[in-house]
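>>> No letters, just coordinates:
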């Protein structure tokens, strides 16, 4: 599968919307003759038949891209990172151009909805800025706009042009989304296709380790279209937990030092409730009330839990697997080279006799409960259940990706995209200096 295809689908389905005014359903400035011209008062960085990208758009993508941290920590060079941004934008511009040529521009009604959504977003934004304005200010809204403009001045925009650019981007994403839906609609998946996928994945996963299975389950639970694994390599189980983060009492910039007493009140409340808690569902109610692990907010993670097996001891906080194994299997000790001291464990019993274990890891307190047993072998399923549907979606996505890959090459030959790479590098360097 072509990496461009995967990236394209991610851009369309997971795009961050940014605001702008939209004229005659075209996203290029009709007076623009070349890249030296401007759009909404901003220098154009990338130009094409139906869409232009400004330097503001480039900077928004630059500071919000998933790979920004890789660049910040030196894993990729600035030139490589800029090329990655430009490639992303180029891919996006291909589908936007195709969308407009195929007649998928937003309708008048859709445009009105986009403007309304952008207005609501900016209203919420200004409300937050107003909270920073002095209570005795004569016009809090005007002062809030000034604060906003001070923040975005770095990008060369004021309040009005930021709003215009937001609407522009929302219109582009709407056109791309409509075109994407038109391409993927009608992809039919037969039961035999799902069965074939299931068998093929079994052949691929038959040599997987417990760690491989845990990784596949993590990808599935966090979403993004990953299918449910089809094979369990060893007898595993999973746990859910209540997590309380300990307070860091170290000096700023120093190695963290966590205060075990910082969550004592919460611990006492939880432990007082555990004996009256009725089973797994009652425990999950306590997770909702006290827990601070974002994973436990995902429906799939709540349903499937964190996969535990001795071989994944290094995948979690030191002591987490130790506590889980002792809860599930009784007396268990980690390997000699595990690299951590075994922590103290405290056990509790729920109203129905279910056991819970408490353990301190470096930065938090955990209360663990066993969730599921994963027995070795092919995953059992019923046609139409969540597992089946995940495999069906994988087959459908594969067919859609094949369509996109074919279209992508046609877009490359059809649409010319001019890039002012020197100006992009210059403005990135300038703004990077301003932020340091």
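That came through, no problem. Computed from a prediction, not measured in an experiment: that's the story for all the values here.
>>> roughly how far apart are residue 382 and residue 374?
Distance, residue 382 to residue 374, by CB to CB, to the nearest Å: 17 Å. Any C-beta I mention is one placed from the backbone N, CA and C, and that applies to glycine too.
>>> Show me which of these two is the more surrounded one.
Higher neighbour count among residue 382 and residue 374: residue 374, with 24 against 8, using other CB atoms under 10 Å.
>>> residues in contact with the more buried one?
Counting by CB atoms under 8 Å, 6 or more residues apart in numbering, residue 374 makes contact with 213, 232, 235-238, 307.
>>> cool, and residue 134?
Applying CB under 8 Å, 6+ apart, we find residue 134 in contact with residue 143.
>>> How about residue 159?
Per CB under 8 Å, 6+ apart, neighbours of residue 159: 145, 148-149, 152.
>>> just checking, which of the residues you listed belong to helices?
Mapping these onto helices (DSSP state H) picks out 145, 148-149, 152.
>>> how about the strands of the stretch 251-400 of the chain, start to end?
According to DSSP state E, counting those that start in this stretch, the stretch 251-400 of the chain carries its strands in the segments 258-259, 306-308, 345-349, 355-360, 364-374, 377-378.
>>> Adding mean pLDDT, write those strands out as a markdown table.
Below are the strands of the stretch 251-400 of the chain laid out as a markdown table (pLDDT from 0 to 100):
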| stretch | mean pLDDT |
| --- | --- |
| strand 258-259 | 92 |
| strand 306-308 | 96 |
| strand 345-349 | 97 |
| strand 355-360 | 97 |
| strand 364-374 | 97 |
| strand 377-378 | 95 |
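>>> so which of these comes closest to residue 157?
Closest to residue 157 of the strands of the stretch 251-400 of the chain, according to CB to CB: strand 364-374, at 41.1 Å.
>>> Buried residues of the closest one, list them for me.
In terms of neighbour count (16 or more other CB atoms under 10 Å), strand 364-374 has its buried residues at 364-371, 374.
>>> Now render those as a markdown table, adding distance to residue 101.
Output for the buried residues of strand 364-374, formatted as a markdown table (distance: CB to CB, whole Å):
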| residue | distance to residue 101 |
| --- | --- |
| 364 | 53 |
| 365 | 58 |
| 366 | 55 |
| 367 | 57 |
| 368 | 56 |
| 369 | 56 |
| 370 | 56 |
| 371 | 51 |
| 374 | 50 |
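>>> so which two of those are the farthest from each other?
Taking CB to CB, no two of those sit farther apart than 365 and 374, at 26.2 Å.
>>> so what does the lengthiest helix in the chain touch, helix or strand wise?
In the chain, taking DSSP H as the definition, the longest helix is helix 386-414. Contacting helix 386-414 under the criterion 3 or more CB pairs under 8 Å, 6 or more residues apart in numbering; DSSP states H and E are the following elements: helix 3-14, helix 78-101, helix 159-184, helix 191-205.
>>> now the angle from the longest one to helix 78-101?
The one in question is helix 159-184. 70 degrees (axes from the mean of the first three to the mean of the last three CA atoms, to 10 degrees).
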